[in-house]
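1. mind folding the following:
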Amino acid sequence: SNTSATPEEARRVEAEGWDGQMFMCSQNLSADPWVQMGVWASHTERLKFSTGVTNPFTRNVAVTAGAAATVQAVSGGRAVLGIGRGDSALAYLGHAPVGLKQFETALKHLQVLLGGGEIPFAEFGSSGDAPSLHELSLGDKPTSVALRWLSKDMPKVPLDVASTGPKVIEMAARIAERVTFSVGADHERMEWALATARAAEPTPRSYGAQLVVVCHPDEATAMETA
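-> Okay, here's the model as predicted:
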């Protein structure tokens with residue numbers, strides 16, 4: 001996921017038969033994922049696209065929802081919004097991952113916005129250091145956050161939450177359509193993660209896993225690289 005994400009590469013990946021491509025969202029380590037997804041969407045017909053993964057800190061969640069919905073529109077319904085608490089993206093800004101309560105609120109707000117709903121300003125909270133709109137003398141002021149340009153005919157962008165610990169796994173299973181476990185490749189750990197998710201939400205979800213795969217003829221070199 002870098003500036004080599006060209007139309008030629010997009011067509012090659014699709015021709016190889018892959019289902020989709022995830023684009024890293026870590027501003028200090030990779031190029032912007034939304035720009036890259038827009039390029040790939042314009043030069044492919046089948047591939048799905050997802051952030052791998054974004055976070056609720058570096059962008060306002062309304063901005064993130066708008067970007068995901070834009071990719072959904074230009075790709076004809078092939079977008080997925082992958083999100084986590086933030087690791088490298090926040091670390092390279094001098095921050096730790098966002099707190100659990102803030103993360104859960106962000107997931108709920110994203111689902112409302114992606115579904116075409118509205119969130120009152122009082123519930124949405126602060127967007128940063130900018131003064132409140134209520135301090136301005138305006139005759140007609142907005143009172144809520146919503147993607148007002150969303151087409152009712154466009155399928156909702158699925159929310160996919162990268163999850164490692166039990167609390168995030170549980171909230172992801174309750175809120176999101178997809179849960180991607182980041183617990184390594186150990187069979188017992190994977191069974192534990194799946195059981196934790198299903199205990200929190202018995203309604204079927206789409207479950208996946210992030211796995212490190214290194215191809216090398218020498219096993220020791222492969223393990224060291226991984």
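
2. so Thr180 is in which element?
-> strand 178-181 (DSSP states H and E).

3. ok, that strand: who's next to it in the sheet?
-> Sheet pairing of strand 178-181 (DSSP bridges) gives strand 159-163 (parallel), strand 206-209 (parallel).

4. any chance of those strands in CSV, with mean neighbour count, mean pLDDT and distance to Val112 too?
-> Quick note: C-beta positions are derived from backbone N, CA and C, even for glycine. Output for these, formatted as CSV (neighbours: other CB atoms under 10 Å; pLDDT from 0 to 100; distance: least, CB to CB, whole Å):
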stretch, mean neighbour count, mean pLDDT, distance to Val112
strand 159-163, 24, 98, 11
strand 206-209, 14, 96, 20
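
5. kindly reformat those strands as a markdown table containing distance to Glu170.
-> Formatted as a markdown table, the strands paired with strand 178-181 follow (distance: least, CB to CB, whole Å):
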| stretch | distance to Glu170 |
| --- | --- |
| strand 159-163 | 9 |
| strand 206-209 | 13 |
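
6. nearest to Glu191, out of those strands?
-> strand 206-209 (11.4 Å; CB to CB).

7. pull the distance from that closest one to the chain's centre.
-> Put simply, strand 206-209 sits 14 Å off its chain's centre (CA atoms, centre = their mean, to the nearest Å).

8. next structured bit after that strand?
-> Following strand 206-209 in sequence, per DSSP H and E, is helix 219-225.

9. and that following helix, how far out from the chain middle?
-> Counting by CA atoms, centre = their mean, helix 219-225 comes out at 30 Å from the chain centroid.

10. go on, stretch 92-100?
-> 16 Å.

11. contacting residues around that stretch?
-> 26-29, 55-58, 84-87, 90, 106, 167-168, 171 (CB atoms under 8 Å, 6 or more residues apart in numbering).

12. go through the lowest-mean-pLDDT helix or strand in the chain and flag the buried ones.
-> When the helices and strands of the chain are compared on mean pLDDT, DSSP states H and E, helix 121-124 comes out lowest with a mean of 92. For helix 121-124, burial by neighbour count (16 or more other CB atoms under 10 Å) applies to Phe121, Phe124.

13. mind giving me the packing neighbours of it?
-> strand 144-145 (3 or more CB pairs under 8 Å, 6 or more residues apart in numbering; DSSP states H and E).

14. the host helix or strand of Glu191 to strand 159-163, inter-axis angle?
-> Assigned by DSSP H and E, Glu191 belongs to helix 187-200. With axes from the mean of the first three to the mean of the last three CA atoms, to 10 degrees defining the directions, helix 187-200 sits at 130 degrees from strand 159-163.

15. what ranges do the strands span in the protein?
-> Taking DSSP state E as the test, the strands found in the chain are 20-23, 48-51, 79-83, 119-120, 144-145, 159-163, 178-181, 206-209.
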